[in-house]
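1. Next come a sequence and a model predicted from it.
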Amino acid sequence: MMAYARLLGVFLRLGMMNELEYRVNFYVQMLRSVIGLGTGLAGLGVVFSHTDTLGGWRPAELLALLGVFFLVSGAINLIIAPSMQRFMEDVRQGTLDFTLTKPEDAQVLVSVRQVQIWKLVDIALGTIVLVIALSRLETSVGPGQALAFGVTMLAGGAIVYSFYLILATTSFWFVRVENILVIFQSMYQAGRWPVGIYPWWLRSALTFVVPVTFATTVPAEALAGRLTWQSLVTAVALAGVMLVGSRWFWGVGVRRYAGASA
């Protein structure tokens, strides 16, 4: 585990050095992130100018959900999304050989080797919003709720990562699958709001087809004291199943890979 942490640190330093070559990108990203956060806050302002609750969620609870959304979005776009996009490009160009022949686990390498360091801005903004939301909650967050939040955040991250890996691994069979990731990013935007406000068919899709619910709504429910033990168990169990399933699917895809030398 420590070896993988050091490996991630190496790629983080490389990503930082690459981004510092074009520092304007950092300021552009900061502006985009601030505008995105402002849009989200404006949306909450519009909603609560007409009602006191939305689907039973109070303003501070929805603010916490927005903070979780930015945290998870930042983590996805920091490492997972850029790494998977590069992985698919390597498969298409036949240059994945250079990764498969390295001594480290190939799945780990393709999962962390591309870092967009300026996405740390989204993580920082999400943390700030989350702290403000916690200070406004009517009830204090106890140790049990904090532990449940940590567990659900880890489970949600594992679910999103596994889902990304499964989608990216299909590139071993299909030439271009980048549009699938774009569709996922579009559906992830629904995570700004509690999944319970959507109609049953969309709620089911966001829970079991594209697992947005477990990435945003479930962790926010833990902070707001809304989380049931059934949801907690489901999130942890689904995370385990998807991690194992994505690992198996990755192995199947690698065995199909022919490479540039074929």
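-> Yep, it's here.

2. all strands for this structure, in order.
-> In the chain, no strands are found when defined by DSSP state E.

3. which residue ranges form the helices in it?
-> Applying DSSP state H to the chain gives helices spanning 2-20, 24-48, 59-75, 81-93, 97-100, 106-112, 120-136, 143-169, 178-188, 200-204, 217-224, 229-256.

4. Point out the one among those that comes closest to Pro211.
-> helix 143-169 (4.8 Å; Cβ to Cβ). C-betas here are computed from N, CA, C, even on glycine.

5. Would you mark the buried spots in the closest one?
-> Buried residues in helix 143-169, counting neighbours by 16 or more other Cβ atoms under 10 Å, are found at 145, 148-149, 151-153, 155-169.

6. Now do the contacts for the spatially most central residue of the chain.
-> Central residue of the chain (Cα atoms, centre = their mean): Ile76, 3.8 Å from the mean position. Counting by Cβ atoms under 8 Å, 6 or more residues apart in numbering, Ile76 makes contact with Val160, Tyr164, Tyr188.

7. Tell me which of the residues you listed has the lowest pLDDT.
-> The member of the contacts of Ile76 with the lowest pLDDT is Tyr188, at 83.

8. And for it, the neighbour number?
-> 20 (other Cβ atoms under 10 Å).

9. again with Ala205
-> 18.

10. got the contact list for it?
-> Applying Cβ under 8 Å, 6+ apart, the residues near Ala205 are Met187.

11. Look up how far Leu232 lies from it.
-> Relative to Leu232, Ala205 is positioned 22 Å away (Cβ to Cβ, to the nearest Å).

12. now do Leu238
-> As judged by Cβ to Cβ, Leu238 and Leu232 stand 11 Å apart.

13. next one: Tyr161
-> Distance, Tyr161 to Leu232, by Cβ to Cβ: 19 Å.

14. Now Arg136. Nearest residue, chain neighbours left out?
-> Using Cβ to Cβ, 6 or more residues apart in numbering and skipping residues adjacent in sequence, the residue nearest Arg136 is Ala60, 3.9 Å away.

15. Surely the one you found and Leu137 touch.
-> Yes. If you go by Cβ atoms under 8 Å, Ala60 and Leu137 touch, sitting 4.9 Å apart.

16. Not counting sequence-adjacent ones, nearest residue to Val47?
-> Leu54 (5.6 Å).

17. Please name the residues that touch that neighbour.
-> Val47, Phe48, Leu62, Trp193, Pro194, Ile197.

18. how far away is it from Glu104?
-> For Leu54 relative to Glu104 (Cβ to Cβ), the value is 46 Å.

19. Next: Arg203.
-> On the measure of Cβ to Cβ, Arg203 and Glu104 end up 40 Å apart.

20. now swap in Glu221 and tell me
-> Taking Cβ to Cβ, one finds Glu221 at 37 Å from Glu104.
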